[in-house]
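Participant: structure of the sequence below:
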Amino acid sequence: MKAQSGVSRACIGIGWMIVTGILFVAVTALVKFMGPTMPAVQAAFLRYALGLILLVPLLSWRKKMSLQKRHWWMAITRGVAHTAAVGLWFYAMARIPIADVTAMNYMSPIYVTIVSVRRLLVRPIIPWQ
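Facilitator: Predicted coordinates for the structure are as follows:
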């Protein structure tokens, strides 16, 4: 499938992934550099304030988004857990070596899989079985 400019959607996706990777490295380096002088909560707030500034124009075309009343508690619980996790993550990034931070970041899919299997009782799909 081609986009309007003639560039394939796969190439556009690859470009966005490269930009994302660069931005993740920039955030990690900035938090590591500013970590000793800036509280982790402030660093997390600034990171998400910038993200909100970049996200709002993208959401303007989604006018009919709504959250059903029965799902509010799930959204609030997720928000509280995510806020705590980001604060702790930024605190840790300022205090451990950058190589360890990067390794732990790349391990996150494995952590999610382990928690999903142990706590959420999700059955993993193993293709070679």
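
Participant: tell me how far stretch 89-100 lies from the chain's centre.
Facilitator: 16 Å (C-alpha atoms, centre = their mean, to the nearest Å).

Participant: what count of nearby residues applies to Lys69?
Facilitator: 7 (other C-beta atoms under 10 Å). Bear in mind the C-beta positions are built from the backbone N, C-alpha and C, glycine included.

Participant: now do the contacts for it.
Facilitator: For Lys69, no residue meets the contact criterion (C-beta atoms under 8 Å, 6 or more residues apart in numbering).

Participant: do you know how far it is from Ala75?
Facilitator: 11 Å (C-beta to C-beta, to the nearest Å).

Participant: ok, Tyr91 - contacts?
Facilitator: Listed by C-beta under 8 Å, 6+ apart, the contact partners of Tyr91 are Ala40.

Participant: how far does the helix or strand that contains it sit from its chain's centre?
Facilitator: Tyr91 belongs to helix 72-93 when assigned by DSSP states H and E. The chain centre lies 11 Å from the centre of helix 72-93; the measure is C-alpha atoms, centre = their mean.

Participant: just the CA coordinates for it, please, in CSV.
Facilitator: What follows is helix 72-93, C-alpha atoms only, in CSV (Å, rounded to 0.1, in the frame of the first residue of the first chain):
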residue,chain,number,x,y,z
TRP,A,72,-13.1,4.8,34.6
TRP,A,73,-11.7,2.8,37.6
MET,A,74,-9.4,0.9,35.2
ALA,A,75,-8.1,4.1,33.6
ILE,A,76,-7.5,5.8,37.0
THR,A,77,-5.7,2.7,38.4
ARG,A,78,-3.5,2.5,35.3
GLY,A,79,-2.7,6.2,35.5
VAL,A,80,-1.7,5.9,39.2
ALA,A,81,0.4,2.8,38.6
HIS,A,82,2.1,4.4,35.5
THR,A,83,2.8,7.6,37.4
ALA,A,84,4.5,5.7,40.2
ALA,A,85,6.4,3.5,37.7
VAL,A,86,7.7,6.5,35.7
GLY,A,87,8.8,8.3,38.9
LEU,A,88,10.7,5.3,40.1
TRP,A,89,12.2,4.6,36.6
PHE,A,90,13.5,8.2,36.4
TYR,A,91,14.9,7.9,39.9
ALA,A,92,16.7,4.7,39.0
MET,A,93,18.0,6.1,35.7
